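Novice: the amino acid sequence is not available; the structure is as follows:
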């Protein structure tokens, strides 16, 4: 019996998650098979390779690091192909100017490197069509040591985010979970005396969770073939439901208190992709 996604997030060890991460291409293949637009599905491999392998080094080669308008547009194409398709966002992003994109991304990346996540996201969401989820895509590729990408599949793996709304606070919860997971995986590999492996980062942890989510829900045979899940993980999978319910209730209470503390951050930082209302969000972002 495979552990479910929530149990894997809570209990998975470094060696297990590394095995999962190696299956990322298979998970991407699952996603391609679920995309109805054949042209978009064909483009996904190239877009994802560009985003995961090429964009980060390109950004960091500049002084100071930043994105261009063309790169922001291509990043949005990657995000809309890999996640929920909202065509209105592309039009909004194309309405930005080169100078504004360079300044906003320069400021956001600098702040993220200083571990000022909330302010970093705020610096990026001045851009048209960019909310916390899109901002996270910029930060995850430019500052992977501190930031992860706000993927729907990852959010749905976190009990406290089952009803997420693409808000800044939701992203803070998600990124905190991925940072804690990366720290735990690094510790477990240290105890296992795993040598010669690159360290886990929040972005790498997010990719592993995303991979497990896709394969657990659509191709479990691939996960089973790994042979890395031991009996203790199976036991955790069986008893995990009560623990998840308890955690979800506690986090829900905390989020309710936060959302009613009078600050209104979640509402202010809502991502334009949260409701698909192009007119409303365009007014809000501009």
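Specialist: That came through, no problem. Everything numeric in this text was worked out from a predicted model, so none of it was measured.
Novice: mean confidence for the helix or strand hosting residue 7?
Specialist: Residue 7 belongs to helix 5-11 when assigned by DSSP states H and E. For helix 5-11, mean pLDDT is 93.
Novice: and it, what does it pack against?
Specialist: helix 14-21, helix 202-218, helix 231-259 (3 or more C-beta pairs under 8 Å, 6 or more residues apart in numbering; DSSP states H and E). Every residue, glycine included, has its C-beta placed from N, CA and C.
Novice: name the residues of it that are buried.
Specialist: 5-11 (16 or more other C-beta atoms under 10 Å).
Novice: same question for stretch 89-97.
Specialist: So for stretch 89-97, counting by 16+ other C-beta under 10 Å, buried means 89-90, 92-93, 96.
Novice: where in the protein is pLDDT low?
Specialist: 192-196, 228, 230-286 (pLDDT under 70).
Novice: count the residues that sit near residue 198.
Specialist: Residue 198 has 7 neighbouring residues, counting by other C-beta atoms under 10 Å.
Novice: next one: residue 88
Specialist: Residues near residue 88, counting by other C-beta under 10 Å: 16.
Novice: helix or strand right after whichever helix or strand it is part of?
Specialist: Assigned by DSSP H and E, residue 88 falls within helix 87-94. Later in the chain than helix 87-94, the nearest helix or strand by DSSP H and E is helix 98-113.
Novice: that next one - contacts with which helices or strands?
Specialist: helix 69-82, helix 117-124, helix 132-142.
Novice: JSON lines for these, including mean neighbour count and distance to residue 156?
Specialist: Putting the helices and strands packed on helix 98-113 into JSON lines (neighbours: other C-beta atoms under 10 Å; distance: least, C-beta to C-beta, whole Å) gives the following:
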{"stretch": "helix 69-82", "mean neighbour count": "20", "distance to residue 156": "15"}
{"stretch": "helix 117-124", "mean neighbour count": "22", "distance to residue 156": "21"}
{"stretch": "helix 132-142", "mean neighbour count": "28", "distance to residue 156": "13"}
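Novice: show me the contacts for residue 201.
Specialist: 144-146, 182 (C-beta atoms under 8 Å, 6 or more residues apart in numbering).
Novice: one more pass at 6 Å, please.
Specialist: Neighbouring residues of residue 201 by C-beta atoms under 6 Å, 6 or more residues apart in numbering: 144-145, 182.
Novice: and for residue 90?
Specialist: Counting by C-beta under 6 Å, 6+ apart, residue 90 has contacts residue 76.
Novice: what distance do you get for residue 213 to residue 126?
Specialist: Between residue 213 and residue 126 the distance is 31 Å, computed by C-beta to C-beta, to the nearest Å.
Novice: please identify which of these two sits among more neighbours.
Specialist: More neighbours surround residue 213 than the other of residue 213 and residue 126, with 23 against 15 (other C-beta under 10 Å).
Novice: returning to that earlier point: now the helix holding residue 7: how far from the chain's centre is it?
Specialist: 16 Å (C-alpha atoms, centre = their mean, to the nearest Å).
Novice: can you offset everything so residue one is 872?
Specialist: Noted, 872 is the first residue going forward, which turns the last one into helix 876-882.
Novice: need the contact partners of stretch 1048-1063.
Specialist: So stretch 1048-1063 is contacted by 884-885, 888, 1019, 1029, 1070-1073, 1076-1077 (C-beta under 6 Å, 6+ apart).
Novice: which ChimeraX command selects the buried ones in these?
Specialist: In ChimeraX syntax, the buried subset of the contacts of stretch 1048-1063 is picked out as below (16+ other C-beta under 10 Å):
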select :884,885,888,1019,1029,1071,1072,1073,1076,1077
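Novice: of the contacts of stretch 1048-1063, closest to residue 894?
Specialist: residue 888 (10.6 Å; C-beta to C-beta).
Novice: tell me who's in contact with the residue nearest to the closest one when sequence neighbours are not counted.
Specialist: Once flanking residues are discounted, residue 888 sits nearest to residue 1079: 4.6 Å by C-beta to C-beta, 6 or more residues apart in numbering. When contacts are counted by C-beta under 6 Å, 6+ apart, residue 1079 touches 888, 891-892.
Novice: got it, and residue 898?
Specialist: 1082, 1085-1086.
Novice: burial count for the nearest residue to residue 1014 once chain neighbours are set aside?
Specialist: Once flanking residues are discounted, residue 1014 sits nearest to residue 983: 4.2 Å by C-beta to C-beta, 6+ apart. Applying other C-beta under 10 Å, we find 25 residues neighbouring residue 983.
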